[in-house]
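Asks: predicted structure and sequence below. I'll ask about it afterward.
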Amino acid sequence: MQRFLVRRFFISIITLLVVSVVIFAMSRASGDPRHIFLDDYSTQEDWDRLTVSLGLDKPYYQQYGIFLTDAMQGNFGISIKEKRPVVDIIGERVVATIQLGGAAFLFSIGLGLPLGVLSAVKRGSLLDAAGKLVALVGQSAPNFWLGIMLMFFFAVNLGWLPAYGRQEKLSIILPAVTLGWYYVAANLRLIRSSMLDALDSEYIKLARAKGVKPAVVIWKHALRNALVPALTFAGVTLGALVTGSLVVETVFAWPGLGQLAVQALFAADYPLLQGVVMVFTMLYVAAALGVDVLYAYIDPRIRYT
Amino acid sequence: MAEQAAGSVIIPSEAPRVKALRVLRRLRKMPIIPTILLGVFIFVGLTAPLISPHDPTKSDLKDRNLPPIWASSETSPKTVVQRMSISGRSTQITLQKARTLQPNVQLDDKIDVITKAGGSSKYILGTDHLGRDVMSRVIHGARVSLIVVSLVILVGITIGVTVGMLAGWYGGWVDEVCMRLVDIKLAIPTILLALVMVLALGQSFVLIVIVLALTIWPRIARNVRGEVLSLKSADYVGLAKVAGASTPRILIVHIFPGIINTLIVLTTLEIGIVILLEATLSFLGAGVPPPTPAWGSMVADGRDRLAVAWWISTIPGLAILAVVVASNLFGDWLRDTLDPRLRQLG
């Protein structure tokens, strides 16, 4: 168990380091940062002073060292567009993103789990066929398009829900459904197949023979074991919700980190973009690590390998 | 002696026939609609300039936001007047204008005037906000997707197969390094990385292909490694080694044919993923640079115009959906037919 965790932790750290190297290399490839801060009226002295203050007179590995130390202290520099620290801007946005991700996650479990269990129990029924269709469309439809279509029907045509922003309470519904839909499909498929395996096993037959109520057999005995693969996937889901938020927040003008990243891209605001990417990667890696730890805790087979 | 020889001849001669029969039986279960859809996608992608009715980048401002062919025009009755009153814009029409529609109308007549144009056979799927033909753009978008997917899969497979084969064959630290690389790559959110690279290096076709190829190689490498590990201990590989075959020869001549089935299945399943990623990047404005028509950017074009022209976003989105559904179904079938072991990875 300990070895597994140490190893997993080590990989997470290396991942973050690799991302930081990529970001650093890209920031140097994107052009000389001095040109961004200085204009035609700047003097040679301004230029030299900036060179020293940005650390550009040092060799690359030292520059990277400075970048990394700053990043670890949460200092990602000053946003070019908004002229204030990147950390502050991210701080204002991070709650909205976590809120949206959480809602989407709950939606994907809340709908995917019962649908998956029911389509396994009623295998071959109309419900199962409907579940398969949901899974197929959910995994194939591009989420930006799905979002636009939902907006078109429920906000523009029917006027039931707000289309944009985060002002109203109901605003979160459309973006959360859009973001969660893919994972409803994925959870449905996973839980259906692991439920089928579980329902076919000896201990379920024993429980049934003992006269345990069918509902208890299904929702307690079988589901408990069927949840393990779904749990591993939950890590992937949490992480991928991060990436999905880029698209969905842009579609619904949800004021979170995803929208911020896309705005930074168009404003060519490199310090802001690299800050957002670092925070996103951290969330992603932390989610994956957390789920792996939980997984090792639940499934003893992992602990001893 | 003779019987033994006969026996040992019969078994291997029957085995391939049985296998062929089994494969044929499964081939009959080939999903018809997905196969046709994929065929259409490839055909349209290859012949786009020949079959598209208009130039996909040419805009005609007279024909903006025209609906698809099946949309009927909307009319409303208007009274013909000499001069329109301020509040009467929607119910009145001037005599001068009315005469251009119907030459012999009189004052105070009521005539039906077209307020919203219907579809025409000139633009079968309508036009977008700049008056470009949606159908031609969807057709050319298929070409862009097809080219991107082919190149990405070619590059991704080359990297994935090389890394996977080396890791599986050499084992030890080579394996460790390769597989940790895979772990790390799988832990980095793709789209974010793509955005960073696009901002730093500039938007270009080549960059998109590289970024997407970087995304798909780890999964391929991991599966290929598993295959190589199991093939490595096969008798024929050991015999080839004893016979003095060099390592590259063993890898290319003896191992590679054994992983082709897995590769075909993986490739088909990746098609959908790559199309979705490419579309997502173009939607965000970081894909293939404009004015090249890409499905993702077409959806983006129409998103603020849903109430006026729903087809601009809807139609390219349906095209993406159709191709991805088709490639997923086709890939599922190929996997069940060629390589049922991969099912667990699904």
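Replies: Nice, thanks for sending it over.

Asks: tell me which helix or strand the residue of the stretch 101-250 of chain B found nearest chain A sits in.
Replies: At 3.7 Å from chain A, residue B:200 is the closest residue in the stretch 101-250 of chain B, using Cβ to the nearest Cβ. Yep, even glycine has a C-beta here, placed from its N, CA and C like the rest. Using DSSP states H and E, the element containing residue B:200 is helix B:190-201.

Asks: which strands and helices lie in contact with that helix?
Replies: helix A:2-29, helix A:223-252, helix A:257-266, helix A:270-298, helix B:205-232, helix B:256-284 (3 or more Cβ pairs under 8 Å, 6 or more residues apart in numbering or on different chains; DSSP states H and E).

Asks: does chain A sit close to the fifth one?
Replies: No: Helix B:205-232 stays clear of chain A (Cβ under 8 Å from any Cβ of the partner chain), getting no nearer than 10.5 Å.

Asks: residue nearest the centroid of chain B?
Replies: residue B:275 (3.7 Å; Cα atoms, centre = their mean).

Asks: hey, where'd the helices end up in the stretch 51-200 of chain A?
Replies: A:60-72, A:86-121, A:126-140, A:143-150, A:173-199 (DSSP state H, counting those that start in this stretch).

Asks: mind checking which of those is nearest residue B:69?
Replies: Residue B:69 sits nearest to helix A:143-150 of all those, at 21.2 Å, using Cβ to Cβ.

Asks: that closest one: how far from the chain's middle?
Replies: When distances are taken as Cα atoms, centre = their mean, to the nearest Å, helix A:143-150 is centred 18 Å away from the chain's centroid.

Asks: after the helix-or-strand element of chain B with minimal mean pLDDT comes which helix or strand?
Replies: When the helices and strands of chain B are scored by mean pLDDT, DSSP states H and E, helix B:2-27 comes last with a mean of 56. The helix or strand immediately downstream of helix B:2-27 is helix B:32-51, counting by DSSP H and E.

Asks: now do that next one against helix B:256-284, angle only.
Replies: 60 degrees (axes from the mean of the first three to the mean of the last three Cα atoms, to 10 degrees).

Asks: so residue A:108 touches residue A:187, yeah?
Replies: Yes: between residue A:108 and residue A:187 there is a contact under Cβ atoms under 8 Å: 5.7 Å.

Asks: sorry, back to before: residue B:305: which of the helices and strands packed on helix B:190-201 is closest?
Replies: helix A:223-252 (14.0 Å).

Asks: residues of the closest one that come out buried?
Replies: A:223, A:225-227, A:229-230, A:232-252 (16 or more other Cβ atoms under 10 Å in any protein chain shown).

Asks: average pLDDT across whichever helix in chain B runs longest?
Replies: If you go by DSSP state H, chain B has its longest helix at helix B:134-170. In this model, helix B:134-170 carries a mean pLDDT of 89.

Asks: would you enumerate the residues in contact with residue 232?
Replies: Went with chain A since none was named. Residue A:232 makes contact with A:291, A:295, according to Cβ atoms under 8 Å, 6 or more residues apart in numbering or on different chains.

Asks: hmm, no, I was thinking of chain B.
Replies: B:168-169, B:255.

Asks: check the burial of residue 279 by counting its neighbours.
Replies: In the absence of a named chain, this looks at chain A. 23 (other Cβ atoms under 10 Å in any protein chain shown).

Asks: meant chain B, my bad for not saying
Replies: With other Cβ under 10 Å as criterion, residue B:279 counts 30.

Asks: right, and it touches residue B:288 too?
Replies: No: contact criterion Cβ under 8 Å: residue B:279 and residue B:288 do not qualify, at 10.4 Å.

Asks: identify the contacts common to these two.
Replies: Joint contacts of residue B:279 and residue B:288 (Cβ under 8 Å, 6+ apart) are residue B:294.

Asks: excluding its backbone neighbours, what's nearest residue 237?
Replies: All of this is about chain A. residue A:183 (4.9 Å; Cβ to Cβ, 6 or more residues apart in numbering or on different chains).

Asks: my question was about chain B
Replies: Leaving aside its chain neighbours, residue B:237 sits nearest to residue B:254 (5.5 Å; criterion: Cβ to Cβ, 6+ apart).

Asks: just residue B:231 next, same as before
Replies: residue B:258 is the one closest to residue B:231 (Cβ to Cβ, 6+ apart), at 4.7 Å.

Asks: what bits of the stretch 201-305 of chain A have low per-residue confidence?
Replies: Where the stretch 201-305 of chain A drops to pLDDT under 70, the residues are A:235-236, A:239, A:299-305.

Asks: flag every residue of the stretch 51-200 of chain B that's near chain A.
Replies: B:180, B:183-184, B:187-193, B:195-200.

Asks: how many neighbours does residue 96 have?
Replies: No chain was given, so I picked chain A. That count, for residue A:96 with other Cβ under 10 Å as the rule, works out to 20.

Asks: not quite, go with chain B.
Replies: If we define neighbours as other Cβ under 10 Å, then residue B:96 has 10 of them.

Asks: distance check, it against chain A.
Replies: 36 Å (Cβ to the nearest Cβ, to the nearest Å).

Asks: may I see the buried residues of whichever strand or helix holds that residue?
Replies: Per DSSP H and E: residue B:96 is located in helix B:95-101. Of all the residues in helix B:95-101, those buried under the rule 16+ other Cβ under 10 Å are residue B:98.
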